[in-house]
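Asker: After the sequence you'll find the predicted model.
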Protein chains: 2
Amino acid sequence: MRRADPFAASEMLDSVPLFAALGDAVRLKLVVRLCEEGSASIRRLTTGTGVTRQAISKHLRVMQDSGLVRSTRRGRERLWQLNQQRLQDARRHLDLISQQWDAGLARLRKFVEE
Amino acid sequence: MRRADPFAASEMLDSVPLFAALGDAVRLKLVVRLCEEGSASIRRLTTGTGVTRQAISKHLRVMQDSGLVRSTRRGRERLWQLNQQRLQDARRHLDLISQQWDAGLARLRKFVEE
DNA sequence: CTAATATGCAACTAGGAGGTTGCATAACGC
DNA sequence: GCGTTATGCAACCTCCTAGTTGCATATTAG
């Protein structure tokens, strides 16, 4: 009962939480911040955001659940850093969509011309 | 009072609604569907989704507001299609993030080694 | 003209997301 | 040991989002 899909729909759906993680202004700023600083503690990431530490903590957990960031405990603080592999997954999925779109266009064009 | 940003944060934030649009299973399936079919009416896009036509209509509006799709009226139906330019914007932003991440890593590595 | 088709609009509901405050716990510095 | 710092956990609030149903409107077919 599976529909035929020209590119793996199930794998594509894996990136839904990843895109959702990127689809929030606070979180996208955190991504930028982590790019600049490499890795940083919650306290450090909170400064300048205008929201509380707990809010940032929640955002980081969302990002972690989507695989976008990971953390390591060091002493009394937890250091967060980007997981670049996951970013590349997202890029790859967008590439696949674009390619498929092009292919679909070409197919339609051919269909019309025949 | 603007913070210095190594890559345009304001432009980056433009893609927040775009990522949010992609961060939903129903909508990402619609993207795939539009890739396959080129352009399609609401009624057509609704079949097989398990939700009502109005739900799909709302999703399409969200996607439209983020620039991901556009529509044209033809007779009594409205045809929707992907806006590939916007997809490429998203890819470009992910590329920028990745590059910045690499640069940040290199900077940190150099700092540690010195 | 009339019936069927395709969509738009509005009101409503349920649930989740983003945010807060308050308290608990663990690790440093002295 | 003790105060300070950094985080975790839980309860709570608010609002937006995804979904529904019901009705209105426009267009096509016959």
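Answerer: Noted; the coordinates are in hand. Numbers count the residues shown, from 1 in each chain, chains lettered A, B, ... in the order given.
Asker: Contact partners for the residue lying closest to A:Asn83 once chain neighbours are set aside?
Answerer: Nearest non-adjacent residue to A:Asn83, counting by Cβ to Cβ, 6 or more residues apart in numbering or on different chains: A:Arg70, 5.4 Å away. No exception for glycine: its C-beta is placed from N, CA and C like everyone else's. Going by Cβ atoms under 8 Å, 6 or more residues apart in numbering or on different chains, A:Arg70 touches A:Gln64, A:Trp80, A:Gln81, A:Asn83.
Asker: mind listing what's buried in whatever helix or strand the third one lives in?
Answerer: So that's A:Gln81. Counting by DSSP states H and E, the element that carries A:Gln81 is strand A:77-82. Judged by neighbour count using 16 or more other Cβ atoms under 10 Å in any protein chain shown, the buried positions of strand A:77-82 are A:Arg78, A:Leu79, A:Trp80, A:Gln81, A:Leu82.
Asker: wouldn't the first one be in contact with A:Ile42 here?
Answerer: Yes. Under the criterion of Cβ atoms under 8 Å, A:Arg78 is in contact with A:Ile42, at a separation of 6.3 Å.
Asker: pull the longest helix from chain A.
Answerer: Of all segments of type helix in chain A, defined using DSSP state H, the longest is helix A:84-113.
Asker: Tell me who's in contact with A:Gly75.
Answerer: Applying Cβ under 8 Å, 6+ apart to A:Gly75 gives no contacts.
Asker: what about stretch A:63-76 and DNA strand C, touching?
Answerer: Yes. Against DNA strand C, stretch A:63-76 shows contacts by Cβ under 7 Å from any atom of the strand at A:Arg74, A:Gly75, A:Arg76.
Asker: Spell out which helix or strand contains the most centrally placed residue in chain A, please.
Answerer: Residue closest to the average C-alpha location in chain A (Cα atoms, centre = their mean): A:Leu18, at 3.5 Å. Assigning secondary structure by DSSP H and E places A:Leu18 in helix A:16-22.
Asker: List the buried residues in that helix.
Answerer: Within helix A:16-22, the residues scored as buried using 16+ other Cβ under 10 Å are A:Val16, A:Pro17, A:Leu18, A:Phe19, A:Ala20, A:Ala21, A:Leu22.
Asker: Look at A:Leu30 and say how many residues are nearby.
Answerer: A:Leu30 has 24 neighbouring residues, counting by other Cβ atoms under 10 Å in any protein chain shown.
Asker: for A:Ile56, same thing?
Answerer: Neighbours around A:Ile56, by other Cβ under 10 Å: 21.
Asker: Against DNA strand C, how distant is the closest residue to it other than its chain neighbours?
Answerer: Closest residue to A:Ile56 apart from its sequence neighbours, by Cβ to Cβ, 6+ apart: A:Thr46 at 4.7 Å. Distance from A:Thr46 to DNA strand C, counting by Cβ to the nearest atom of the strand, to the nearest Å: 9 Å.
Asker: Next, work out how far apart A:Thr46 and DNA strand D are.
Answerer: 7 Å.
Asker: Can you check the pLDDT for that residue?
Answerer: On pLDDT, A:Thr46 comes in at 97.
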